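Chemist: Here you go, sequence then predicted model.
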Amino acid sequence: MSEVLVLVDHVDGEVKKVSYELLTAARRLGTPAAVVVGASGTASKIRESLGRFGAAKVYAVESDDAANFLVTPKVDALAALVPNASAVLVSATVEGKEVAGRLAARIGSGWLVDVVDVEADGTGVQSIFGGAFVVKAKVSKGTPVITVRPGGVEAEESTADAVLDESVSISVDAAKSARVTSREAVVGGDRPELTEASVVVSGGRGVGSADKFSVVEELADSLGAAVGASRAAVDSGYYPHQFQVGQTGKTVSPQLYVALGISGAIQHRAGMQTSKTIVAVNKDPEAPIFEIADFGVVGDLFNVAPQLKEEVAKRKG
Ligand SMILES: Cc1cc2nc3c(=O)[nH]c(=O)nc-3n(C[C@H](O)[C@H](O)[C@H](O)COP(=O)(O)OP(=O)(O)OC[C@H]3O[C@@H](n4cnc5c(N)ncnc54)[C@H](O)[C@@H]3O)c2cc1C
């Protein structure tokens, strides 16, 4: 079977969950080959875990340049490997989309953006207009480049050998590339990363103030969830911008999405509509969020969220 390249999303050798989802999707199309771009020694460190999700080969693209330039080393590496591949899968993150767009332009191929599922014949499934329509599309020119939304495909293990191949070398054109000059670790709490989390609890303008946002955080913590916010909540200063979910924020696709005091505007839905189960709490029975909710509670979030938290604690024993 032909090779399907999967660009591994990792931070200093820590593999992001979406990479396993990409490998799962790649297995439907052919033989997954993971492409690890980074510092020396990264690929051998993560080879086994990639193999657990079906990577038959791991291409190590490792050098100081690979680790210290943004985007371009990844495009160079994929472009070098594409002649032997039948498709390229990249995560639909901000960086992933930049890599995919540049790669598609460079190799003259079509690019399927933001797909939520991939079918065995290379058809990509997209959820558009805030999830109002499902579109199926197929690349008709060149090797398909497909960016897959984190959480779109469920990662499933299927052990393969993951043979390490260190034959890929790249030479970055420093004059045309952005070099990383320093690194600062993100100060995060114990909560999972928003786009990686399997449970997300988000608060909207209905929360009313920054002080009261703890009601969202407390429910999130009881569920081991990430915290999100609507744009109105962010613009009102209730919660920092990096937690915004929606068209101009992050796209999430968790197993469970809890919306507290969020009306469900189309721009918010665009970022969470593909969540597997949606629970909405809103005091307005006509709120549009109820149109897409699997479970809805008409009520005051300050009454409902603490009760949910208590019930979760009880069930956890
Ligand atoms: C170009 C563009 C891009 C945008 N991008 C985004 C985006 O990325 N993400 C995003 O979220 N929005 C985005 N928006 C904004 C979007 O249109 C909405 O304005 C926004 O989503 C509304 O946020 P909200 O639901 O929190 O607030 P509101 O619409 O004000 O809704 C608040 C809800 O809380 C309920 N409520 C109030 N008090 C309580 C209570 N005590 N208990 C329970 N319920 C209560 C109300 O009934 C109401 O339904 C964008 C808009 C534009 C034009």
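Modeler: Yep, it's here.
Chemist: Now do the SS call for whichever residue of the stretch 1-150 of the chain sits closest to the ligand.
Modeler: The nearest approach of the stretch 1-150 of the chain to the ligand comes at residue 130, 10.1 Å away (C-beta to the nearest ligand atom). Using the backbone N, CA and C atoms, a C-beta is placed for each residue, glycine as well. Look at residue 130: counting by DSSP: H, G, I helix; E, B strand; the rest coil, its state is coil.
Chemist: Residue 211: neighbouring residues, count only.
Modeler: For residue 211, the count of nearby residues is 9 (other C-beta atoms under 10 Å).
Chemist: Could you tell me how far it is located from residue 221?
Modeler: Remark: distance between residue 211 and residue 221 (C-beta to C-beta, to the nearest Å) = 17 Å.
Chemist: Next: residue 208.
Modeler: Separation of residue 208 from residue 221 (C-beta to C-beta) stands at 20 Å.
Chemist: model confidence over stretch 306-317, on average?
Modeler: Here stretch 306-317 scores 94 as its mean pLDDT.
Chemist: likewise stretch 202-216?
Modeler: 98.
Chemist: Could you check it and say which residues are buried?
Modeler: For stretch 202-216, burial by neighbour count (16 or more other C-beta atoms under 10 Å) applies to 202-208, 213, 215-216.
Chemist: okay, among those residues, which ones form the most distant pair?
Modeler: For the buried residues of stretch 202-216, the maximum inter-member distance is 14.7 Å, found between 202 and 208 (C-beta to C-beta).
Chemist: ok, back up a step: could you dump the buried residues of stretch 202-216 into JSON lines with distance to residue 67 and secondary structure added?
Modeler: Formatted as JSON lines, the buried residues of stretch 202-216 follow (distance: C-beta to C-beta, whole Å; DSSP: H, G, I helix; E, B strand; the rest coil):
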{"residue": "202", "distance to residue 67": "34", "secondary structure": "strand"}
{"residue": "203", "distance to residue 67": "37", "secondary structure": "strand"}
{"residue": "204", "distance to residue 67": "40", "secondary structure": "coil"}
{"residue": "205", "distance to residue 67": "42", "secondary structure": "helix"}
{"residue": "206", "distance to residue 67": "44", "secondary structure": "helix"}
{"residue": "207", "distance to residue 67": "41", "secondary structure": "helix"}
{"residue": "208", "distance to residue 67": "45", "secondary structure": "coil"}
{"residue": "213", "distance to residue 67": "37", "secondary structure": "helix"}
{"residue": "215", "distance to residue 67": "42", "secondary structure": "helix"}
{"residue": "216", "distance to residue 67": "37", "secondary structure": "helix"}
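Chemist: residue ranges for the strands of the stretch 201-317 of the chain, please.
Modeler: For the stretch 201-317 of the chain, applying DSSP state E, counting those that start in this stretch gives strands covering 226-229, 256-260, 277-282, 295-298.
Chemist: Please name whichever of those is nearest to residue 151.
Modeler: Nearest of the strands of the stretch 201-317 of the chain (C-beta to C-beta): strand 256-260, 10.0 Å.
Chemist: Name every sheet partner of that closest one and say whether each one runs parallel or antiparallel.
Modeler: Neighbouring strands of strand 256-260 in its sheet, by DSSP bridges, are strand 199-203 (parallel), strand 277-282 (parallel).
Chemist: do stretch 269-286 and the ligand meet?
Modeler: Yes: under the criterion of C-beta under 6 Å from any ligand atom, the ligand is reached by stretch 269-286 at 271, 281-284.
Chemist: ok, which pair from these is furthest apart?
Modeler: Maximum distance among these (C-beta to C-beta): 22.6 Å, for 271 and 283.
Chemist: show me where pLDDT drops low in the stretch 201-317 of the chain?
Modeler: Counting by pLDDT under 70, the stretch 201-317 of the chain contains no low-confidence range.
Chemist: Which one's more surrounded, residue 271 and residue 283?
Modeler: Taking neighbours as other C-beta under 10 Å, residue 271 and residue 283 compare with residue 271 leading, 26 against 15.
Chemist: Can you tell me how far the residue nearest to the more buried one when sequence neighbours are not counted is from residue 186?
Modeler: Spatial nearest neighbour of residue 271, chain neighbours left out: residue 246 (3.9 Å); criterion: C-beta to C-beta, 6 or more residues apart in numbering. Applying C-beta to C-beta, the value for residue 246 to residue 186 is 21 Å.
Chemist: The two: which has the busier surroundings?
Modeler: More crowded of residue 246 and residue 186, by other C-beta under 10 Å: residue 246, with 25 against 7.
Chemist: My guess is the more buried one contacts residue 270. True?
Modeler: Yes: at 5.8 Å, residue 246 counts as touching residue 270 under the criterion of C-beta atoms under 8 Å.
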